[in-house]
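**Q** Need the 3D shape of this:
(one chain, ligands or ions: 1)
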Amino acid sequence: MVSAHVLMLPFPCQGHVIPMMELSHSLVEHGIKVTFVNTEFNHARVLQALPNKGSDLKGINLVSIPDGLRPGEDRNDLGLLIEGFTKVMPGYLEELIRENNEKGEEKIKWLIADENMGWSFAVAKKMGVRTACFWPASAACLTIMLLIPKLIEDRVLDEKGWPARDEVLQIAPKMPPIHSSQLSWNEAGDPKGQPTIFKLVTDNNKNIELAEIIVCNSFYEIESGAYTLFPKILPIGPLLPDLKFSKSLGLFWPEDTTCMKWLDKQPPKSVVYVAFGSFTIFSEAQFKELAHGLELTGRPFLWVVRPDFTTGLSKEWVDQFLEMNKEKGRIISWAPQQQVLAHESVACFMSHCGWNSTLEGLRNGLPFLCWPYFVDQFYNQSYICNVWRNGLKMEADESGIVSRARVRDKVEELIANEEIARRVQELKELAWKNLSEGGTSCENLKNFVNLMRE
Ligand code: UDP
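**A** Model (predicted):
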C-alpha cells in the first residue's frame, strides 16, 4: 500500500543519478511512491539505455523537465550546465508540483533533492512540500564546503574560493588531508566555470538550512571525523543497487553484460578491473601507456572505455591492441560495475575514485589503484591512501604521464601488499555491519523512511 508520495531531484550527472535511484528503490520497497525527475536530456538517455525500453519501471515514475541548455551544448561543462539549469528549473519544478498536487490524488508530500540542487528547497517550501537533502558524496567533502566561511576567515581561501596559501589542510582528525589547491570547486574542469560552481556551493550552504534533514551516502566508521564536526549529516549508506532489477533505471549507457561470462572463466582474484566513471577523459598518449601497462602486467584485465573516453585515438589501434591481447584483455563501453566488483575473479580496482566507485569497491573488499581526475576524487584518494589505507596512488612522472612500467609495478605492489589486503577485509565487514539490523546506517535509513511516511 502506498503511504506517501516523494519527488526525487538528482543533480543531472551519472554519479548523482545512480545513488538517488538506489535510494528510490529502497523507498519503493517501503511502500512509498516515487516520482524521479531527470532533465529531459538525461531522461532520454535513461530510456535509451533501458533493456526493455521502459516497459517495467518497478513502481518508479520517471518524469523530466528541461535543463535550459540547447541540444548540442556541452553538458559535461559543469559551469555551463549549472548556469543553464538554475535559470529555468525552478519554474519547471514548481509547475510539476502544482500540476500533480492540483489533481488531488497522491499529493507530493516530500522533495528529496541533491544538495547541489539546493535552490529547489525554496520552491518546495513555497508549494507546501517538506524537504530533505541528499548528499551523494563523502561527508568530508560536504564538511569542507560548509566550512568555506571559516576557511576564508582564516585566510586559507580568498573570497573567490581559490587557495590563499599553499598547504595541506587537515580539517580534523580522521578527515582526509587535502592540498589547498585540490578543493572540489576549484577542480571541476574548465577554470572559467569556477565562479559559477563556487557560487552554487556557497549558495547551497545557505539553502541547506531549509532542509529538515540531511542524509548522506556513506557510513559512520569510515568518516567519523566529518560526522563529529557536523552531526546533522546522517549517514544512510552504502546504498545498494537492487540487483533484482539492477540499477538500469538510472544508467546513461547500456550495460555490456557479456563480460560476466568472461569473468567466470578467469582464475579467482586475477583480474585488474579498470574503470574511470562517467566523466574522466584520457589523452591519446596516456591511453596507450595504460594499455601497454596492462599488457605488461601479464594479468587478465577488464577495462571500461566509454565512447567519449578519449579523443584522437583510432579504432584500428584499439582493435589491434585487443587482437594482440585477446587471451587476456576485454574492453567494454559500460560495465555492470556492481556485479563486476562482486565477482570472485576480480583482484583489484583501478579507479578514478568517484565516491560511488569508492564505496562500491570498499563494500566488495577490493584494493584500489587511485587515479583521480576531478572534483572530490582527490579527497577520496586521500581517504583511500592516507586514512583507510586500502589502496595506492598512481603517480605521473614529470611529463604528466603515468608510464607503462609504473602501471605494471603498482599493480604488482598492490596485489602483493598484505597490510592492504587485511584493511580491505576490515572495511568490507564494517560496511556490511552498518547495513545490517542495528547498524548506524540501517537505523538512520529506517528513521528516514518513517519520516517520509509521516
Ligand atoms: N558505472 C557503471 N558502469 C561502468 C562505470 C561506472 O555502472 O562501466 C557506475 C558505477 O558503478 C558508479 C557510477 O557509475 O555507480 C559512477 O559514479 P562515480 O561516483 O564512481 O563516478 P562519476 O561518474 O560520478 O565520476
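**Q** Spell out which parts of this structure neighbour the ligand.
**A** Contacts of the chain with the ligand, taken as CB under 6 Å from any ligand atom, map to 14-15, 18, 275, 277-279, 304, 334-335, 337-338, 354-357, 360. Every residue, glycine included, has its C-beta placed from N, CA and C.
**Q** Among the residues you listed, which lie within helices?
**A** Judged by DSSP state H, the residues of the chain next to the ligand include 14, 15, 18, 337, 338, 355, 356, 357, 360 as members of helices.
**Q** any idea how far residue 365 is from the closest residue to the last one other than its chain neighbours?
**A** Nearest residue to residue 360 in three dimensions, chain neighbours excluded: residue 341, at 5.3 Å (CB to CB, 6 or more residues apart in numbering). Counting by CB to CB, to the nearest Å, the gap from residue 341 to residue 365 is 9 Å.
**Q** same question, residue 439
**A** With distances taken as CB to CB, residue 439 is found 17 Å from residue 365.
**Q** try residue 432
**A** As defined by CB to CB, residue 432 lies at a distance of 10 Å from residue 365.
**Q** Please apply the same query to residue 173.
**A** When distance is defined by CB to CB, residue 173 is 26 Å away from residue 365.
**Q** more neighbours, those two?
**A** The residue with the greater number of neighbours, taking residue 173 and residue 365 and applying other CB atoms under 10 Å, is residue 365; the counts read 20 against 9.
**Q** neighbours around residue 421, how many?
**A** Using other CB under 10 Å as the criterion, residue 421 is surrounded by 15 other residues.
**Q** Point me to the helix or strand that includes it.
**A** Per DSSP states H and E, residue 421 falls inside helix 418-435.
**Q** Report the spatially closest residue to the residue of the stretch 251-400 of the chain found nearest the ligand, excluding sequence-adjacent ones.
**A** Closest approach of the stretch 251-400 of the chain to the ligand (CB to the nearest ligand atom) occurs at residue 354, with a separation of 2.2 Å. Nearest-residue entry for residue 354: residue 277, 4.1 Å, with adjacent residues in sequence omitted and distances by CB to CB, 6+ apart.
**Q** list the contacts for that neighbour?
**A** For residue 277, the residues meeting the contact criterion (CB atoms under 8 Å, 6 or more residues apart in numbering) are 14, 15, 351, 352, 354, 356, 357, 373.
**Q** List the contacts of the fifth one.
**A** Contact analysis of residue 354 by CB under 8 Å, 6+ apart lists 15, 277, 278, 377, 380.
**Q** pLDDT weak spots in the protein?
**A** Counting by pLDDT under 70, the low-confidence segments of the chain come to 1-2, 52-56, 243-247.
**Q** can I see the domain layout of it?
**A** The domain map for the chain lists 4-244+437-452, 259-416, with the assignment taken from automatic domain parsing.
**Q** Which SSE is immediately downstream of the longest helix belonging to the chain?
**A** When secondary structure is assigned using DSSP H, the longest helix within the chain turns out to be helix 78-102. Remark: after helix 78-102, the chain's next helix or strand is strand 110-114, criterion DSSP H and E.
**Q** Excluding chain neighbours, give the residue nearest to residue 384 in space.
**A** residue 391 (4.2 Å).
**Q** was I right about that neighbour contacting residue 414?
**A** Yes - A contact is recorded between residue 391 and residue 414 when judged using CB atoms under 8 Å, the distance being 7.0 Å.
**Q** Near the closest residue to residue 289 other than its chain neighbours, how many other residues are there?
**A** When the adjacent residues along the chain are set aside, residue 289 lies closest to residue 404, with 5.1 Å between them (CB to CB, 6+ apart). The criterion is other CB under 10 Å. On that basis, residue 404 has 18 neighbouring residues.
**Q** Enumerate every residue touching residue 404.
**A** 289, 290, 292, 293, 295, 296.
**Q** Take the residues you listed and keep only those in helices.
**A** In helices, judged by DSSP H, the following of the contacts of residue 404 are found: 289, 290, 292, 293, 295, 296.
**Q** Now do the same for the residue nearest to residue 175 when sequence neighbours are not counted: helix, strand or coil?
**A** Computed as CB to CB, 6+ apart, the closest residue to residue 175 that is not its neighbour in sequence is residue 225, at 4.2 Å. Of the three states, residue 225 takes helix under DSSP: H, G, I helix; E, B strand; the rest coil.
**Q** hmm, back to that, who has more neighbours out of residue 391 and residue 414?
**A** Set side by side, residue 391 and residue 414 give different neighbour counts by other CB under 10 Å, the larger being at residue 391 (30 against 22).
**Q** that older thread, okay, and the common contacts of residue 391 and residue 414?
**A** 367, 368, 369, 420.
**Q** and those, which are buried?
**A** For the shared contacts of residue 391 and residue 414, a neighbour count by 16 or more other CB atoms under 10 Å gives the buried set as 367, 368, 369, 420.
**Q** so of those residues, which ones are in helices?
**A** Assigned to helices by DSSP H, the following of those qualify: residue 420.
**Q** Quickly check the buried ones among the shared contacts of residue 391 and residue 414 for the two that are furthest apart.
**A** In terms of CB to CB, these reach their longest pairwise distance at 369 and 420, which sit 10.6 Å apart.
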